[in-house]
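Trainee: need a structure here:
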Amino acid sequence: MSFAQAAAGLSEREVQVAILLSRGQSCKEIAFAIARSPSSVSRASRAAARKLGLGSRVELAVAFAALRPSDAPPGFHRAPLRDSLSPTERQVAELAGRGRSDAEIAAARHTSRRTVENQLQNVYRKLGVHSRVELASRLLS
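Mentor: Okay, here's the model as predicted:
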């Protein structure tokens, strides 16, 4: 998908929010950056995801983060991923970054949901992220 295809049918605000989400920023951070309320940012992200046929804000962030840099507008960049994750943490992080729930990850890995929650907590701490949207963005960097 090119940037033009991803942005087709989206408002300028929705594109702006999607780009910032793909950089791993939270709704509060985006709201501060664009001088809007967090609820306004949340509405824009939901609307953009809906218009693109995506199921969540995580999927929206992944879609925009996956764009080739040549497709992206000026100022669009990706942060490097730190290689401090164990193989297990990396697998759990990748599944969570694709929008899988804790229960789905646990079933796929034959572990308990609580184990997955603990592993994700460690991943968040190691990568310095606070949400699945941020995680998805970092993994695609």
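
Trainee: Poorly predicted segments of the chain, please.
Mentor: The model of the chain has pLDDT under 70 over residues 1-3, 5-6, 68-83, 140-141.

Trainee: And the residue with the largest distance to the centre of it, its phi and psi?
Mentor: For the chain, the residue at maximal distance from the C-alpha centroid (C-alpha atoms, centre = their mean) is His110, at 25.0 Å. Per-residue torsions, His110: phi 60, psi 50 (degrees, to the nearest 10).

Trainee: helix, strand or coil for Val58?
Mentor: With DSSP: H, G, I helix; E, B strand; the rest coil as the basis, the three-state label of Val58 is helix.

Trainee: what's the answer for Gly99, then?
Mentor: Per three-state DSSP, Gly99 ends up coil.

Trainee: if I look at it, how far off is Ala33?
Mentor: Distance, Gly99 to Ala33, using C-beta to C-beta, to the nearest Å: 24 Å. All C-beta spots, glycine's among them, are computed from the backbone N, C-alpha and C.

Trainee: Those two: which has the busier surroundings?
Mentor: Set Gly99 next to Ala33 and count neighbours by other C-beta atoms under 10 Å: Gly99 wins out with 17 against 13.

Trainee: For the strand or helix carrying Arg50, buried residues please.
Mentor: Secondary structure assignment for Arg50, by DSSP states H and E: helix 38-51. For helix 38-51, the neighbour count (16 or more other C-beta atoms under 10 Å) marks Ser40, Val41, Ser42, Arg43, Ala44, Ser45, Arg46, Ala47, Ala48, Ala49 as buried.

Trainee: since we're on the closest residue to the third one other than its chain neighbours, how many residues are nearby?
Mentor: Read that as Ser42. Leaving out its chain neighbours, the residue that sits closest to Ser42 by C-beta to C-beta, 6 or more residues apart in numbering is Cys27, at 5.2 Å. Cys27 has 23 neighbouring residues, counting by other C-beta under 10 Å.
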